[in-house]
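[1] my questions concern the predicted model and sequence given below.
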Amino acid sequence: TMNNNKGAVSEKAKLASGKWLLSDTGDLVISNVNRYDTGKYTCFGREDGDSIVSRSELVVNYFDTSKATGPESTEVVVGDSVTLSCAVPASYPPAKVTMYRQREPSEEQHVVQNSTRHTVRQDNTRLELVIENVTLSDSADYYCTSTNEVEVEEARPWKPYTSSVGHLTVRGSKPSAVYHDSEVSGDVGSTVVITVVAEGEPVPTGQWFRSGDRAVYSEPGRFEMKLDQQDYPRLNYSLTIHDLSQADHQAEYYLRLSNPLASVYTPRTEVLVNHLTCQARKLEEITVNVGEPVLLRCPGPVSVHPDKSDRWIYDESSSSLIGSLERNGTSIATDSVRREDEGEYVCETANTANRDTCRYVFSLTVTGEEEMESEDETELDEETAPEDMSEETAPEDISEEPEEPQKKPCKTSHKKMNKKCLEEQWLEKGCINEEGSTTTGAKSCGYLSKRCSKEEKGKPCCKALFCWGRKLSDDFPGADMLPLKQEGKEKTKKERCQSSYKKMNRNCLKERWEERECAGEKGATNIDSYSCGNWSKRCEAEGSKNKTCCKAIYCWGTKLTDDFPDY
């Protein structure tokens, strides 16, 4: 009887299958051997009454590729993990299996081996390649080869097996910002949201930073960060800042986007906080004498955003500054203060965005008494010319007989004299040789006439005559009647002009306008709301521009004649 590890082989089975044949000599003949015939065989018999047992082992060399397969094609994203596997052939001895990678058809295939990110493992049925943290370089074709290299005498060697090809597709892109807020603004205590729209695959992580490369983290009631993937592949990153303070003004925030392919920083977003920080000084007391100039300048705020506006508040019913004051928003000024100008002046500075305000109070005290003129010498405003009583407009004082004209007597008041009378007085008092008689300073003509009547001296009277004469005619009293210089020479036309634009007549101002070629200076006639005195000070400052001086000349010129400089 012959048995193997699968059970007894009966005579009937031998005859029926024809696969196993037991010869008379006790040999077992197995035809068409396959891998399932592998096993241990035992022969039982008797000889001369004794039992005989014989054992043999059959090992079948085989290489069955019928169920072998290659890797399946797979698509992953950068940074993922993936497993590629091959079903290996049934083989004895076990087949030698190798996985290959080929990125391009023209590229040589490479054996996949264990590395930091790649792990190859195999058992009797499968070979697996595990790739951690996939990169774009892992995109390739993958396949397996299997061999059974055992050689059997008089048998053909097994043909190597190559599996089907599977392609690994790795998707991914570097992070990039497609939109960001250039600036956001809000009031103190409010909330603002900074938005960045980005793309990238895999989805980039985001880390917010503030000016100075300081990382920003979530903080209840202060910072809140979100990532919205609803519009994927567009990714919306947001940073919400609560409870804005002035310390946040002009702070810059930016986002670092990172995925396995790259890290990039977005452009910066500036946070602007609407605010108004006032000066510590709230009250300023100013004491001046009657007739002195006054400048009230509204203190600028320590800090303001986005912009400010100024307005002055005072009792217009009792203050003459309503007429004499020059307003330009930040300051008010007068060249000659009066007693009735005394009082409080409030400058109110407001934020144009949220109307926060600062209030500064100026307490103006005016000391001294004004020198009043006689009834017929009421002081005129310097910018207002007296009644035109020049020779051209004076009433006719010629009688019916032209050969015997009747001269009309001169008035006693300088103010009411015509040009000829003023010139006669100029000659009679010897003003032609009186040094300084053409310098009137900032005093009004009426004030100078009052001094003349009190002191009865030559120079004060000459000054009064010159002042009233220039109101009637720019060339009063004529080049031949001007005071001589010490060396006895006549002053040139240029020397007769005052050094201050404010004191110049319109002819001198026109000369300066032409000397500086102001007609070709763009914007020279745009004096905004600044006073003439302000422009003069800016002109006199070191390093001033020609345009600034042209503005000063134009400002003073238009006070003398509306059509300056083309009168």
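    Okay, I see it. Numbers count the residues shown, from 1 in each chain.

[2] pretty sure T98 sits against C144.
    Yes: at 6.7 Å, T98 counts as touching C144 under the criterion of C-beta atoms under 8 Å. Placement of C-beta: from N, CA and C, glycine included.

[3] helices along the stretch 1-150 of the chain, start to end?
    When assigned using DSSP state H, counting those that start in this stretch, the helices of the stretch 1-150 of the chain occupy the ranges 11-17.

[4] poorly predicted segments of it, please.
    1-17 (pLDDT under 70).

[5] need the helix or strand of this protein with the lowest average pLDDT.
    The element with the least model confidence among the helices and strands of the chain, by mean pLDDT, DSSP states H and E, is helix 321-324, at a mean of 46.

[6] picking that back up, who has more neighbours out of T98 and C144?
    Neighbours per residue (other C-beta atoms under 10 Å) separate T98 from C144, with C144 holding more: 30 against 18.

[7] that one reaches K96, doesn't it?
    No: assessed by C-beta under 8 Å, C144 is found out of contact with K96, at 10.7 Å.

[8] partner strands of whichever helix or strand L364 is part of and their direction?
    Per DSSP states H and E: L364 is located in strand 357-367. For strand 357-367, the paired strands and their directions (DSSP bridges) are strand 283-289 (parallel), strand 343-351 (antiparallel).

[9] buried residues, the last one. List them.
    Burial within strand 343-351, assessed by neighbour count using 16 or more other C-beta atoms under 10 Å, is assigned to Y345, C347, T349, A350, N351.

[10] with the shortest one instead?
    By neighbour count, with 16+ other C-beta under 10 Å as the criterion, the buried positions of strand 283-289 are V288.

[11] export that strand as CSV, just CAs?
    Below are the C-alpha coordinates for strand 283-289, written out as CSV (Å, rounded to 0.1, in the frame of the first residue of the first chain):
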residue,chain,number,x,y,z
LEU,A,283,-5.6,126.8,27.8
GLU,A,284,-3.2,129.5,26.8
GLU,A,285,-3.3,133.0,28.2
ILE,A,286,-2.0,135.8,25.9
THR,A,287,-1.5,139.4,26.9
VAL,A,288,-0.7,142.1,24.3
ASN,A,289,-0.8,145.8,23.9
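
[12] off-centre distance for it?
    42 Å (C-alpha atoms, centre = their mean, to the nearest Å).

[13] got it, and stretch 73-83?
    42 Å.

[14] number of nearby residues for the closest residue to R339 other than its chain neighbours?
    In space, R339 comes closest to V366 once its chain neighbours are excluded; the distance is 5.2 Å by C-beta to C-beta, 6 or more residues apart in numbering. Here the neighbour count serves as a burial measure; for V366 (other C-beta under 10 Å) it reads 20.

[15] beta partners of V366?
    Using DSSP bridges, the beta-bridge partners of V366 come out as V288.

[16] you'd agree it is up against T334?
    No: counting by C-beta under 8 Å, V366 sits too far from T334 to count as a contact (10.8 Å).

[17] find the residues that touch each one of these two.
    Any residue near both V366 and T334 by C-beta atoms under 8 Å, 6 or more residues apart in numbering counts here, and that gives D341.

[18] identify the residues contacting the nearest residue to E108 once chain neighbours are set aside.
    When the adjacent residues along the chain are set aside, E108 lies closest to Q102, with 7.6 Å between them (C-beta to C-beta, 6+ apart). Shown in contact with Q102 (C-beta under 8 Å, 6+ apart): E108, Q109, H110, A140, D141.

[19] again, 10 Å this time
    The contact partners of Q102, taken as C-beta atoms under 10 Å, 6 or more residues apart in numbering, are E108, Q109, H110, A140, D141, Y142, Y143, V165.

[20] tell me how many other residues crowd the fourth one.
    Applying other C-beta under 10 Å, we find 20 other residues in the vicinity of A140.

[21] any idea how far Y265 is from it?
    Between A140 and Y265 the computed distance is 33 Å (C-beta to C-beta, to the nearest Å).

[22] what do you get for V271?
    In this view, V271 and Y265 are 17 Å apart by C-beta to C-beta.

[23] looking at those two, which has the bigger crowd around it?
    Looking at V271 and Y265 with other C-beta under 10 Å, you find the greater number of neighbours at V271, namely 21 against 15.

[24] so that one is in which element?
    Using DSSP H and E, V271 maps to strand 269-277.

[25] ok, and for that strand, which residues are buried?
    Of the residues in strand 269-277, those scored as buried under the neighbour-count criterion (16+ other C-beta under 10 Å) are T269, E270, V271, L272, V273, N274, H275, L276.

[26] which pair of those spans the longest distance?
    Set against one another by C-beta to C-beta, the buried residues of strand 269-277 have their most distant pair in T269 and L276, with a gap of 23.3 Å.

[27] got a list of contacts for stretch 220-233?
    With contact meaning C-beta under 10 Å, 6+ apart, stretch 220-233 is reached by 173, 191, 193-195, 197-201, 203-208, 210, 216-219, 234-243, 253, 255.

[28] let's see it at 7 Å
    In this structure, residues lying in contact with stretch 220-233 by C-beta atoms under 7 Å, 6 or more residues apart in numbering are 199, 201, 203, 206, 208, 216-218, 235-243.

[29] picking that back up, among the buried residues of strand 343-351, which one sits closest to R55?
    Minimum distance to R55 across these is 107.5 Å, recorded for N351 (C-beta to C-beta).
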